[in-house]
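**Student:** curious how this folds, go ahead:
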Amino acid sequence: MMLKIKIIFIFFLFSVQFISAKNNGEEHGAFQCEISTVEIDGAFYGTPAKTADDHVVLGSHNHHLYFFDDEGKIIRSFEAEEAVHATPKLFSTKEIAVGSFDGFVYFFDQVGNLLKKISPGGRTYTELIELSDHKFLFGTDKGRVVVCDMQGNVLLEFKDKKLVHGTPTLLKNGTIAIGSSHNRMFILDQDLKVQSVFKTRGWVMHSKPLELANGNFVFGSYDKFVYCLDPKGELVWKLKTKGRIHASPILTENGNLVIGSFDGYVYFIEQDGTLINKFKTGRMVAATAAKLNASTVVVGSVDKHLYFLSNTGELLDRIATEGSIFSSPIVLQNGTVVCATMNGFVHFMKLQNFDKRDLVF
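**Tutor:** Model (predicted):
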């Protein structure tokens, strides 16, 4: 496959206020940044992953997986047989694993050398999770939840009626919460026996359950609701938005939940389900937010902007990007926000004017 890779270095040593004013007439200017951009012929939907040394790994629908350094330089690329939609996973062994639409799971070292590939079967849409004893778990388009060993042997399998597109979460009590396109949130034990099933009225797509300190967990559904369930899978509360929810919730440093919706809003919710605030972007929000520091979250929108918001939903700044954002941003240890777009741009935005000790990981 022929690829077009174009590296564009754009250095801004002045305020983001200028970028905002130039692109949309608004003035915020809370952050200064230095931006470098890589243009790649292919769409990005999965979230980038960062390695222990702050390298960035990102899959594309052009069948490639890219390895960047923390400045945005491509170290290596790898071509799979089909699209790489899933978010890469950094295992405790420091291996990086990612599933592809070609049915393989690929394992790499931290600079992109292929170590092995295994074929457990089925397209993989979401991030793998690591279990004990060198095992891992994921869902596939064949309606399966699969546990494999690191050699690729399928050890256990759970079958649902439709594709398992939800991102799994290993809960503190040892069970696994995972959603499916069969309008279900499953709680499974590590033998993949069903402990409980919660029925939604829409797909659970990608939205990764977020466990709270009390053992309850929160997720979103395409039925437009944010749900909170207890460890047994019983409903604690739900909050209705006006759009489908693809994003995963995150928890701010002051304990608020943040989640985006296809209605274009980013919702700020107390852990008891009380709505604190909602911030309106220009178009739908499919991306999961990321914590920047103790008081700030950052989230992308299909309106081609990256938003910096306070923990209670006030706008601090926004940066125009080169395309619509479906992929979730990540924050590196050097203060760089990495953001990928649906038309093949990867932005490395190195923030200048705050103490890196304020970063939250």
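**Student:** how far away is residue 113 from residue 195?
**Tutor:** Counting by Cβ to Cβ, to the nearest Å, the separation of residue 113 from residue 195 is 39 Å. Using the backbone N, CA and C atoms, a C-beta is placed for each residue, glycine as well.
**Student:** and those two? which has more neighbours close in?
**Tutor:** Remark: of residue 113 and residue 195, residue 195 carries more neighbours, 15 against 11, as counted by other Cβ atoms under 10 Å.
**Student:** okay, and the more buried one sits in which element?
**Tutor:** Secondary structure here is read from DSSP states H and E; on that basis residue 195 sits in strand 194-199.
**Student:** for the next helix or strand after that strand, which outside residues touch it?
**Tutor:** Once strand 194-199 ends, the next helix or strand along the chain (criterion: DSSP H and E) is strand 210-211. The contact list for strand 210-211 (Cβ atoms under 8 Å, 6 or more residues apart in numbering) reads 169, 171, 172, 177, 217, 218, 219, 248, 249, 250, 251, 257.
**Student:** can you tell me what sits against the strand holding residue 195?
**Tutor:** 158, 175, 183-189, 227, 229, 232-235.
**Student:** can you give me the helices in the stretch 251-361 of the chain?
**Tutor:** If you assign secondary structure with DSSP state H, counting those that start in this stretch, the stretch 251-361 of the chain ends up with no helices.
**Student:** all strands of it, in order?
**Tutor:** Applying DSSP state E, counting those that start in this stretch to the stretch 251-361 of the chain gives strands spanning 257-260, 265-269, 275-280, 290-293, 296-300, 305-310, 315-320, 330-331, 336-340, 345-351.
**Student:** tell me which of those strands approaches residue 47 most closely.
**Tutor:** Nearest to residue 47 among these is strand 330-331; the distance by Cβ to Cβ comes to 6.7 Å.
**Student:** which strands or helices does the closest one pack on?
**Tutor:** Here strand 330-331 touches strand 290-293, strand 336-340, going by 3 or more Cβ pairs under 8 Å, 6 or more residues apart in numbering; DSSP states H and E.
**Student:** which one is residue 303 nearest to, not counting chain neighbours?
**Tutor:** Sequence neighbours aside, residue 282 is the residue nearest to residue 303 in space, at 3.1 Å (criterion: Cβ to Cβ, 6 or more residues apart in numbering).
**Student:** enumerate every residue touching that neighbour.
**Tutor:** Counting by Cβ under 8 Å, 6+ apart, the residues that residue 282 touches are 264, 301, 302, 303, 304, 305.
**Student:** ok so, going back, now the strand holding residue 195: buried residues?
**Tutor:** Going by neighbour count (16 or more other Cβ atoms under 10 Å), the buried part of strand 194-199 is 196, 198.
**Student:** and that strand, how far out from the chain's middle?
**Tutor:** Relative to its chain's centre, strand 194-199 lies at 24 Å (Cα atoms, centre = their mean, to the nearest Å).
**Student:** using PDB, list the CA coordinates for that strand.
**Tutor:** Once side chains and other backbone atoms are set aside, the C-alpha atoms of strand 194-199 remain, and they are given as PDB (Å, rounded to 0.1, in the frame of the first residue of the first chain):
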ATOM      1  CA  VAL A 194     -21.900 -14.700  33.600                       C
ATOM      2  CA  GLN A 195     -22.400 -13.100  37.000                       C
ATOM      3  CA  SER A 196     -25.000 -10.600  35.900                       C
ATOM      4  CA  VAL A 197     -26.500  -9.000  32.700                       C
ATOM      5  CA  PHE A 198     -27.800  -5.400  32.600                       C
ATOM      6  CA  LYS A 199     -30.000  -4.600  29.600                       C
END
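**Student:** what mean pLDDT does that strand have?
**Tutor:** For strand 194-199, the mean pLDDT works out to 97.
**Student:** in strands, which of the contacts of strand 210-211 fall?
**Tutor:** For the contacts of strand 210-211, membership in strands holds for 169, 177, 217, 218, 219, 250, 251, 257, with DSSP state E as the criterion.
**Student:** CSV for those residues, including pLDDT and distance to residue 52?
**Tutor:** Formatted as CSV, the entries for those read as follows, by pLDDT from 0 to 100; distance: Cβ to Cβ, whole Å:
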residue, pLDDT, distance to residue 52
169, 97, 22
177, 97, 27
217, 98, 27
218, 98, 28
219, 98, 28
250, 98, 22
251, 97, 23
257, 98, 28
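**Student:** closest one to residue 48 out of those residues, please.
**Tutor:** With Cβ to Cβ as the yardstick, the closest approach to residue 48 among those comes from residue 250, at 15.6 Å.
**Student:** so what's the residue count around that closest one?
**Tutor:** Here the count is done by other Cβ under 10 Å, and residue 250 has 19 residues near it.
**Student:** looking at it, it is touching residue 291, isn't it?
**Tutor:** Yes: contact status for residue 250 versus residue 291: in contact at 6.5 Å, counting by Cβ atoms under 8 Å.
**Student:** what do these two both touch?
**Tutor:** Between them, residue 250 and residue 291 have residue 297 as joint contacts when contacts are counted by Cβ under 8 Å, 6+ apart.
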